[in-house]
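Asker: here's my sequence, what's the structure:
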Amino acid sequence: MELRDPEPPEDGDAQEDTATTLQRLVELTAARVTPLRSLRVQFCLIRKLGSGSYGRVLLARPRQGGPVVALKLLRRDSVLRTTFLREFCVGRCVSSHPGLLQTLENPLQTSRYFAFAQEYAPCGDLSGMLQERGLPELLVKRVVAQLAAALDFLHGRGLVHADVKPDNVLVFDPLCSRVALGDLGLTRPEGSPAPAPPGPLPSAPPELCLLLPPDTLPLRPSLDSWGLGVLLFCAATAGFPWDVALAPDPEFEAFAGWVTTRPQPPRPPPPWDQFAPPALLLLQGLLDLDPETRSPPLAVLDFLGDNWGLEGNREEPGALGPLSSEEGDEEEGGSSLEEWTDEEGSGSGGREETEGEAP
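Answerer: So this is what the prediction gives:
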């Protein structure tokens, strides 16, 4: 079963169809979760790839053979079972698109974790590629074109990603011939209630930053357009345009003042003045302060043949960090990592403390 382009019911509420379909998938998948005594039963755990507030991602090799995978672990004491199942189901439903990280079959659970496997991106996330002057123009265009197509695919199925940022863009090769948007933990059906960010978040649009708990806004695709515009800026400059899209942030105030002044000043304020006019026009559309008139992600495609003014960026892709062999990683850190995540061994508690508290 997939989330498909919904046909509007008689009252015209297509979003309700998407939400209902997703809920049905969650209920059906709940019976398919495989309980394991330990993740080591099915995987050889190689090394940690990353961690966040609710869990971690490990590089793992299936014991029955096949390529290595990125194994996402969510702590059961921090994440609701329905939240885990929803992320897994959304991932499975949209895995056919190359711009979205593929979620593999068979959700799992142990006494401490929910888990599922995803394809492994050997070059890490986009933030690891960004250096002092950002990516070359060709790579910036490759990245945003692929992400625009992925977001359009999600939006066409009634979903909003809601967390577009460099950390969630996975890179498969140094030339960005393929990148994929990952981390669907916040992805929801369009129209779902969106709360205020938990803290200052550079990628959040102003309409969300203005919210005061417990107020919410209905999720709209325009939220992802804003995230894509901020990500374009990050890829080109290796930095965020502001700390938060609100006054009195000086960087945001300078940008907002420029885009709302009529007639608009011929030159934008720094650092926006480094972009050529076509790129500025694209950024203004994606970062329109009014979500109702914000450009859709596919607006990127109209500007790919133009000069974006990024000739000064370095010519070679950035350093991607150590890409040691899988075998070497396994020999060096495999056993201790397995003990660290082993939930049945008598020494697992001590290992958890000495090698790092779980997020």
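
Asker: could you pull out the helices for the stretch 251-359 of the chain?
Answerer: For the stretch 251-359 of the chain, the helices defined by DSSP state H, counting those that start in this stretch cover 277-286, 326-341, 348-355.

Asker: looking at these, which one has the lowest mean pLDDT?
Answerer: Lowest mean pLDDT of those: helix 348-355, a mean of 32.

Asker: mind saving the C-alpha coords of stretch 152-160 as CSV?
Answerer: The C-alpha trace of stretch 152-160 is given here as CSV (Å, rounded to 0.1, in the frame of the first residue of the first chain):
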residue,chain,number,x,y,z
ASP,A,152,7.6,18.1,-5.1
PHE,A,153,7.1,14.3,-4.9
LEU,A,154,6.3,14.5,-1.2
HIS,A,155,3.9,17.4,-1.7
GLY,A,156,2.1,15.6,-4.5
ARG,A,157,1.3,12.8,-2.0
GLY,A,158,-0.1,15.2,0.6
LEU,A,159,3.0,15.2,2.8
VAL,A,160,5.2,18.0,4.2
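
Asker: now that stretch: average pLDDT?
Answerer: 98.

Asker: how about residues contacting stretch 132-147?
Answerer: Contacts with stretch 132-147, where a contact means CB atoms under 8 Å, 6 or more residues apart in numbering, come from 98-99, 126, 129, 164, 169, 175-181, 228, 231-232, 234-238, 297, 300-301, 304, 307-308, 310-318. For glycine as for every other residue, the C-beta is placed from the backbone atoms N, C-alpha and C.

Asker: if any of those residues are buried, give me the PyMOL selection for them.
Answerer: Selecting only the buried entries of the contacts of stretch 132-147 in PyMOL, with 16 or more other CB atoms under 10 Å as the criterion:
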select buried, resi 99+126+129+164+169+176+179+180+181+228+231+232+234+235+236+237+238+297+300+308+310+313+317+318
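
Asker: among the contacts of stretch 132-147, which are in strands?
Answerer: 169, 179-181 (DSSP state E).

Asker: dump the residues you listed to CSV, plus distance to residue 198 and pLDDT.
Answerer: Listed next are these as CSV, based on distance: CB to CB, whole Å; pLDDT from 0 to 100:
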residue, distance to residue 198, pLDDT
169, 21, 98
179, 27, 98
180, 26, 98
181, 21, 98
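
Asker: next one: phi and psi at the closest residue to residue 165 other than its chain neighbours?
Answerer: Spatially, and ignoring its direct neighbours in sequence, residue 165 is nearest to residue 203 (4.5 Å; CB to CB, 6 or more residues apart in numbering). Backbone torsions for residue 203, taken as degrees, to the nearest 10, come to phi -90, psi 0.

Asker: in this structure residue 203 contacts residue 162, no?
Answerer: No - at 10.0 Å, residue 203 does not count as touching residue 162 under the criterion of CB atoms under 8 Å.

Asker: the more surrounded of those two?
Answerer: residue 203 (25 against 21; other CB atoms under 10 Å).

Asker: what's the more buried one in contact with, if anything?
Answerer: Residue 203 sits next to 163-165, 226-227, 230-231, 240 when contact means CB under 8 Å, 6+ apart.

Asker: of the residues you listed, which pair is most distant in space?
Answerer: Spatial extent of those (CB to CB) is set by the pair 163 and 240 at 14.7 Å.

Asker: and these two? Which one has more around it.
Answerer: For residue 163 versus residue 240, the count of surrounding residues by other CB under 10 Å is larger for residue 163: 20 against 17.

Asker: give me the pLDDT value at that one.
Answerer: At residue 163 the predicted local confidence, pLDDT, stands at 97.

Asker: roughly how far does it sit from residue 241?
Answerer: Going from residue 163 to residue 241 by CB to CB, to the nearest Å gives 18 Å.

Asker: what of residue 247?
Answerer: Residue 247 sits 14 Å away from residue 241, going by CB to CB.

Asker: what's the answer for residue 148, then?
Answerer: 19 Å.

Asker: where does the protein have low pLDDT?
Answerer: Where the chain drops to pLDDT under 70, the residues are 1-16, 314-359.
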